[in-house]
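Q: one predicted model, sequence on top.
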Amino acid sequence: MKSNHFFRNIVAIIVILAGVALILANLGVIEWNIQEAWVYVYPAFFVLLGLKWLLDAVRGRGGVWGGLFLVIFGGLLLLDRFDVLDFTFFDFYKLWPLLIVYLGFSIFGTSHKRKRKRNFQFIFDTDDHKGKEEAIKNKQKFVIGDHKFNSPNWKVEPMDLWNAVGDYHIDFTKAFIPDKEIPITIQGWAGDIRVLMPENLEFRLKAQVKAGDIKLFGHSVDGVNRELNFETENYETATRKLDIYLNLKAGSIKVNKV
């Protein structure tokens, strides 16, 4: 699976570079032949691959330094191609001071192993939240990645979550919902929010997007600064109910019943 994923990333980068090279050729920046294009393509390949590795590192899927080296190395090669400075492929040895930088950060990191308890938790990976619902109670999280609340009999507790980039999939039909009013707040910059509600649950819901679309039980709006609200008939008198607020800067919100 990992090899297939790596191969897919390589193919994606090659396709992107081919498109960029064609654009530069049409603008007269480069000549579209194999020799002329190659000297631009392979440095750009290093940069894109390095950026991908850096993104994976931010999500907790690897180290930072391999990606950082590729970005710097490829960037210097591109600057050479555009006559900004002189740097060839075999000048990679000149980047050896990065080892000192790495050593410095390593030493700096070891002095901070004992971390103070924080009110905010930073998570940079995909989280299925299986058996972790208690960890999010009454906490805010700054998140990059996708999050699912769909494990059997997961317990619903008050949520106040903020997501930078990523998706939420929340299935209340599989949840254990205590007999009380529970506030649910989910906000973010970009992504999708998918919510599945059971028929026999009382709830109030407010959904807002700055740019995107909202689909709520067959009703839909899209565009800029859109909002939809919904409240079940017996919400005010019910003791077991959810008060849900969903807000995205850009993306899609979809709420359905079963």
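A: Alright, I've got the coordinates.
Q: who does residue 213 form a beta bridge with?
A: residue 222, residue 252 (DSSP bridges).
Q: surely it is in contact with residue 226?
A: Yes: counting by CB atoms under 8 Å, residue 226 is a contact partner of residue 213 at 7.1 Å. All C-beta atoms are positioned from the backbone trio N, CA, C, and that covers glycine.
Q: any weak-confidence spans in the stretch 51-200 of the chain?
A: Within the stretch 51-200 of the chain, the stretches with pLDDT under 70 are 57-64, 101-144.
Q: ok, now with 80
A: 52-68, 78, 81-82, 89, 91-93, 95-146, 163-166, 189-190 (pLDDT under 80).
Q: and residue 242, what is it in contact with?
A: Residues in contact with residue 242, defined by CB atoms under 8 Å, 6 or more residues apart in numbering, are 156, 172, 177, 181-184, 201-205.
Q: cutoff 7 Å now
A: Residues in contact with residue 242, defined by CB atoms under 7 Å, 6 or more residues apart in numbering, are 182, 184, 201, 203.
Q: mind checking how far it is from residue 70?
A: 46 Å (CB to CB, to the nearest Å).
Q: among the contacts of residue 242, which lie within strands?
A: In this view, these that belong to strands under DSSP state E are 182, 184, 203.
Q: quick check: closest non-adjacent residue to residue 161.
A: Nearest residue to residue 161, sequence neighbours excluded (CB to CB, 6 or more residues apart in numbering): residue 186, at 5.1 Å.
Q: could you tell me how many residues sit around that neighbour?
A: 22 (other CB atoms under 10 Å).
Q: then residue 240?
A: Close neighbours of residue 240, defined as other CB under 10 Å, add up to 14.
Q: number the chain from 26, please
A: Understood, numbering begins at 26; the last thing we discussed is residue 265.
Q: what sits against it?
A: Counting by CB under 7 Å, 6+ apart, residue 265 touches 202, 204-205, 227.
Q: now do residue 275
A: Contacts of residue 275 (CB under 7 Å, 6+ apart): 214-215, 235-237.
Q: would you mark the buried spots in the helix or strand harbouring it?
A: According to DSSP states H and E, residue 275 maps onto strand 266-282. Buried residues in strand 266-282, counting neighbours by 16 or more other CB atoms under 10 Å, are found at 266-269, 271-273, 276-280.
Q: avg pLDDT for that strand?
A: Mean per-residue pLDDT for strand 266-282: 92.
Q: alpha carbons only: can I get that strand in PDB?
A: The C-alpha trace of strand 266-282 is given here as PDB (Å, rounded to 0.1, in the frame of the first residue of the first chain):
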ATOM      1  CA  LYS A 266     -31.100  17.000  22.800                       C
ATOM      2  CA  LEU A 267     -28.200  18.400  20.900                       C
ATOM      3  CA  ASP A 268     -27.400  22.000  20.200                       C
ATOM      4  CA  ILE A 269     -25.200  22.000  17.100                       C
ATOM      5  CA  TYR A 270     -23.300  24.800  15.500                       C
ATOM      6  CA  LEU A 271     -21.300  24.200  12.200                       C
ATOM      7  CA  ASN A 272     -19.200  26.900  10.600                       C
ATOM      8  CA  LEU A 273     -16.800  26.800   7.700                       C
ATOM      9  CA  LYS A 274     -14.900  29.600   5.900                       C
ATOM     10  CA  ALA A 275     -14.800  27.500   2.700                       C
ATOM     11  CA  GLY A 276     -16.300  24.100   2.100                       C
ATOM     12  CA  SER A 277     -19.400  22.000   2.300                       C
ATOM     13  CA  ILE A 278     -21.800  21.100   5.100                       C
ATOM     14  CA  LYS A 279     -24.200  18.200   4.700                       C
ATOM     15  CA  VAL A 280     -26.700  16.900   7.300                       C
ATOM     16  CA  ASN A 281     -29.000  13.900   6.700                       C
ATOM     17  CA  LYS A 282     -31.400  11.800   8.700                       C
END
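Q: which helix or strand lies directly C-terminal to the helix or strand harbouring residue 194?
A: For residue 194, the host element (DSSP H and E) is strand 193-196. The helix or strand immediately downstream of strand 193-196 is strand 200-201, counting by DSSP H and E.
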